[in-house]
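quick one, what's the 3D model for this:
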Amino acid sequence: MQGVAKQCLKQSGSLLRRLAPAAADALRAAAAACDGPAALQQRAGFAAAAAAQPANAMALIRELREKSGAPISDVKACLQSCGWQLDAAYDALRKKGLAAAAKKASRHAADGLVGLALAPRGGGAAVVEVNSETDFVGRSELFRRLVSEAARAALGLAAGGAGGGGGAAAGAPRELDAAALAAARVPSPSGYEAAAAPAAAPDAPLSEACAEVAAKVRENVRLRRGLALDAPPGGVVGGYVHMPVGLGLGRIAAAVALAPPEGQTLQQVDEAAALASEIAMHVAGLRPQYLSASDVPPEVAASERALLTEQAAGSGKAAAVVEKMVQGRLAKWAQEVCLLDQRFILDDSLTVRQLLQQRAAGLLSGGGGGGKGAALRVAGFLRVQTGEGLEPAGGSAKGFAEEVAEMAAGGGRP
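This next block holds a predicted model:
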């Protein structure tokens, strides 16, 4: 029986070997018959593309990907359409990115960062707000570089006397013209920034830099506003960023301009700038709306008085008593909204006004500035918060003030 089985197997194998070539040919013919002209043309195109791809294709893809930050699929497609010419593909990617950014411009962007740039030795400050759609993009390295570049560009614009707001008093904050800010050029990196790749090509307009970053992060990126605070004659400017995520970058920034009293000069400029920075921390935390009670607009004071009078009238007390209650509450309200009357955030035994008088002695000419009639003067201040006016405010001023005070008490600055 075993011999018969072996013989049958030999005959079957011989038959299969004779039939195999014919079966393979039949299968190939059937496959070709199933393929239409479109499928055959597609396969021919793939073969041609593979043949046209240069030997260093992967190196070109990698280089363009690092240079542009675009997705690999877009990088490869642009290289193929441009005949694997790197510069042409980069230009094509930029045009594609700018077009995509324009489409995203209508999307709501209320997150992001503010950037603060300070001139040497308290010479001035500029603050910009750049918005993104999400906090994730807002804290990315690329976005942080963009905001830093925008702040330095705004400082250069303000220092050159351009950017609008020229009617502001010396030391008062001024808003930079939106068109001038968008056209301001990205400054060349310097110092530690020179080691990092810029967010956009140096000397590119800020509007184009925002569009390039928007194309890379695939979100709407918007340069919302810029403000400047110039040092008053003989004075200094100091700044503060709350919980920074980089040098001069965070969600809240403030700046304060200090000036000496008339007839005196600042002898300790760096120390005066440091004091201005401390008061800027106070401004960031307590959100003063006015410098002093005399700066409150009459209509605002009248509205507050009417509200307090209505509240006090419900007590049922005599008119004279009600008037005293209103006067007391108005004074308390002024202490809450006027910078000079607020308790200093780092030492609540002093008001900001008292602090300026106390610290004047060591900063003014002759060291005799500590008398009752001499005090440093706040020429102006500003405070910028990310998304301010774009979304419901979260948290409370009191909670934020406590947070700053706790940081100061801990011996370290954020």
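
quick one: end-to-end length of stretch 81-89, please.
Using CA to CA, to the nearest Å, the span of stretch 81-89 from its first residue to its last is 8 Å.

next: stretch 236-254.
Distance across stretch 236-254, first residue to last, is 14 Å (CA to CA).

show me what counts as buried in that stretch.
For stretch 236-254, a neighbour-count test (16 or more other CB atoms under 10 Å) marks 236-242, 244, 248-254 as buried. From N, CA and C alone the C-beta is placed, and that goes for glycine too.

among those residues, which are located in strands?
In strands, judged by DSSP state E, the following of those are found: 236-242, 249-250, 252-254.

and which of those residues is nearest residue 363?
Relative to residue 363, the closest of those is residue 236; by CB to CB it sits at 9.7 Å.

just the pLDDT for the nearest residue to that closest one once chain neighbours are set aside.
Using CB to CB, 6 or more residues apart in numbering and skipping residues adjacent in sequence, the residue nearest residue 236 is residue 122, 3.0 Å away. As summarised for this prediction, residue 122 has a pLDDT of 92.

any idea how far residue 122 is from residue 289?
In this structure, residue 122 and residue 289 are 24 Å apart, going by CB to CB, to the nearest Å.

look at those two and report which has more neighbours.
Higher neighbour count among residue 122 and residue 289: residue 122, with 24 against 12, using other CB atoms under 10 Å.

quickly list what the spatially most central residue of the chain is bridged to.
For the chain, residue 113 is the residue whose C-alpha lies nearest the centre (CA atoms, centre = their mean; 2.7 Å). Taking DSSP bridges, one obtains residue 130 as the residues bridged to residue 113.

ok, residue 205 next?
residue 185.

from residue 149, how far out is it?
With CB to CB as the criterion, residue 205 and residue 149 are 11 Å apart.

pLDDT weak spots in the stretch 1-150 of the chain?
Low-confidence segments of the stretch 1-150 of the chain, defined by pLDDT under 70, span residues 1-52, 68-70, 94-108.

which stretches in it count as helices?
Remark: helices of the stretch 1-150 of the chain, listed N- to C-terminal, are 2-34, 37-52, 57-68, 72-81, 86-104, 135-138, 141-159; assignment by DSSP state H, counting those that start in this stretch.

show me what the helix or strand that contains residue 327 is packed against.
In the assignment (DSSP states H and E), residue 327 maps to helix 319-337. The criterion is 3 or more CB pairs under 8 Å, 6 or more residues apart in numbering; DSSP states H and E, and the helices and strands that helix 319-337 contacts are helix 298-313.

per-domain residue ranges of this protein.
Domain assignment for the chain by automatic domain parsing gives 56-104, 111-296+339-409, 297-337.

quick one: the last one to chain centroid distance?
Centroid displacement of domain 297-337 relative to its chain, using CA atoms, centre = their mean, to the nearest Å, is 40 Å.

what sits against residue 275?
Under the criterion of CB atoms under 8 Å, 6 or more residues apart in numbering, the contact partners of residue 275 comprise 238, 258, 359, 363, 376.

residue 253 versus residue 384, what's the distance?
Residue 384 sits 5 Å away from residue 253, taking CB to CB as the criterion.

so what sits against both of those two?
Where contact means CB under 8 Å, 6+ apart, the residues bridging residue 384 and residue 253 through contact with each are 114, 127.

my read: residue 188 touches residue 202, true?
Yes: Residue 188 sits in contact with residue 202 when judged by CB atoms under 8 Å, with a separation of 4.5 Å.

circling back: gap between the residue nearest to the centre of the chain and residue 203?
With distances taken as CB to CB, residue 113 is found 23 Å from residue 203.

kindly report the same for residue 117.
From residue 117 to residue 203 the distance is 18 Å (CB to CB).

who has more neighbours, those two?
A count of neighbours by other CB under 10 Å puts residue 117 above the other of residue 117 and residue 203, at 26 against 9.

got a list of what the more buried one touches?
By CB under 8 Å, 6+ apart, the contact list for residue 117 reads 125-127, 148, 151-152, 154-155, 248.

for it, give the beta-bridge partners.
When bridges are called by DSSP bridges, residue 117 pairs up with residue 126.

contacting residues for the residue nearest to residue 79 when sequence neighbours are not counted?
Computed as CB to CB, 6+ apart, the closest residue to residue 79 that is not its neighbour in sequence is residue 89, at 4.6 Å. By CB under 8 Å, 6+ apart, residue 89 lies in contact with 64, 75, 78-79, 81-82.

can I get those in JSON lines with distance to residue 132 and neighbour count?
Putting those into JSON lines (distance: CB to CB, whole Å; neighbours: other CB atoms under 10 Å) gives the following:
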{"residue": "64", "distance to residue 132": "25", "neighbour count": "23"}
{"residue": "75", "distance to residue 132": "23", "neighbour count": "23"}
{"residue": "78", "distance to residue 132": "25", "neighbour count": "24"}
{"residue": "79", "distance to residue 132": "29", "neighbour count": "24"}
{"residue": "81", "distance to residue 132": "30", "neighbour count": "12"}
{"residue": "82", "distance to residue 132": "30", "neighbour count": "16"}
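
tell me which two of those residues sit farthest apart.
Of all pairs drawn from the contacts of residue 89, the one with the longest distance (CB to CB) is 64 and 81, at 12.5 Å.

tell me where the model's unsure across the stretch 151-300 of the chain.
Ranges of the stretch 151-300 of the chain meeting pLDDT under 70: 162-168, 189-201.

give me the neighbour count for residue 267.
The number of residues packed around residue 267, counting by other CB under 10 Å, is 15.

hang on, the earlier thing: out of the buried residues of stretch 236-254, who's nearest residue 300?
Closest approach to residue 300 among the buried residues of stretch 236-254 (CB to CB): residue 254, at 21.6 Å.
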